[in-house]
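Participant: curious how this folds, go ahead:
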Amino acid sequence: MSRHPEVKWAQRSDKLYITIELPDANNPKVKLEPDGKFTFSATTGQEQTLYELDFYLYDRVNAEESKISVGLRNIICIVKKEENKWWKQLLKSEAKRLPFLKVDWDKWVDEDEEKDDKSGQDMDFGGMDFSKLGMGDDDDDLDISDEHDDDADDQEPPAEDDQVVEVPIEESKNEAHIEEGESGKGKAV
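Facilitator: Model (predicted):
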């Protein structure tokens, strides 16, 4: 006899997030059909306990554009909806609620808040290499000379007869060593 893993879900107008919580899943199989049929099976543990899911989603989906990611602790499915609209529930059946199915409040966004969602879940870093931002253990790039140790609080504002030089944006980009890629997004080097 099989068991059901814990399943969390959230939605946007164009997609669903379905997370199957099953640590150390062996041989996971996920099948998604255009009519919304979703099946999953995997084993886990020394006894090779079988976990299965088999249900119909509320409406039709685009199985070709949907994505699945298998991790060590869970399986994440991003399911593309066939039509961009909010569903009133996850499952087609209006029968009693399934005890293993829960809302993923970490990913949930209300319908009226979707346009204002700035949570960064779909953030594109444009291929940015974070190792070049000076956050690593490499101390060779750091300049720790006494001339740079002045506190900004100790500096006085320039007197009226002192000349203040403003650096144009293009020059400051060159000084900061920022390259623009084809996408127009800056990348630190």
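Participant: so where do the helices sit in the protein?
Facilitator: According to DSSP state H, the chain carries its helices in the segments 169-175.
Participant: what's the longest strand in it?
Facilitator: Once the chain is assigned using DSSP state E, the strand that runs over the most residues is strand 61-70.
Participant: starting from it, tell me which strands it pairs with and how they run.
Facilitator: Pairing partners of strand 61-70, with direction, according to DSSP bridges: strand 74-81 (antiparallel).
Participant: so what touches the strand it pairs with?
Facilitator: With contact meaning Cβ atoms under 8 Å, 6 or more residues apart in numbering, strand 74-81 is reached by 13-23, 25, 28, 30, 32, 38, 40, 42, 57, 59-62, 65-69, 87. Placement of C-beta: from N, CA and C, glycine included.
Participant: give me that answer again for 6 Å
Facilitator: With contact meaning Cβ atoms under 6 Å, 6 or more residues apart in numbering, strand 74-81 is reached by 14-16, 18-21, 28, 61-62, 65-69.
Participant: what do you get for stretch 18-31?
Facilitator: 5-9, 39-44, 51, 68, 70, 73-77, 104.
Participant: which of the residues you listed are buried, as a PyMOL select command?
Facilitator: If you want just the buried ones from these in PyMOL, going by 16 or more other Cβ atoms under 10 Å, the selection is:
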select buried, resi 5+7+8+9+40+41+42+43+44+51+74+75+77
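Participant: which one is residue 13 nearest to, not counting chain neighbours?
Facilitator: residue 84 (4.9 Å; Cβ to Cβ, 6 or more residues apart in numbering).
Participant: ok, the one you found touching residue 12?
Facilitator: No - using Cβ atoms under 6 Å, residue 84 makes no contact with residue 12, being 8.8 Å away.
Participant: higher neighbour count, these two?
Facilitator: More neighbours sit around residue 12 than around the other of residue 84 and residue 12, counting by other Cβ atoms under 10 Å; the figures are 19 against 10.
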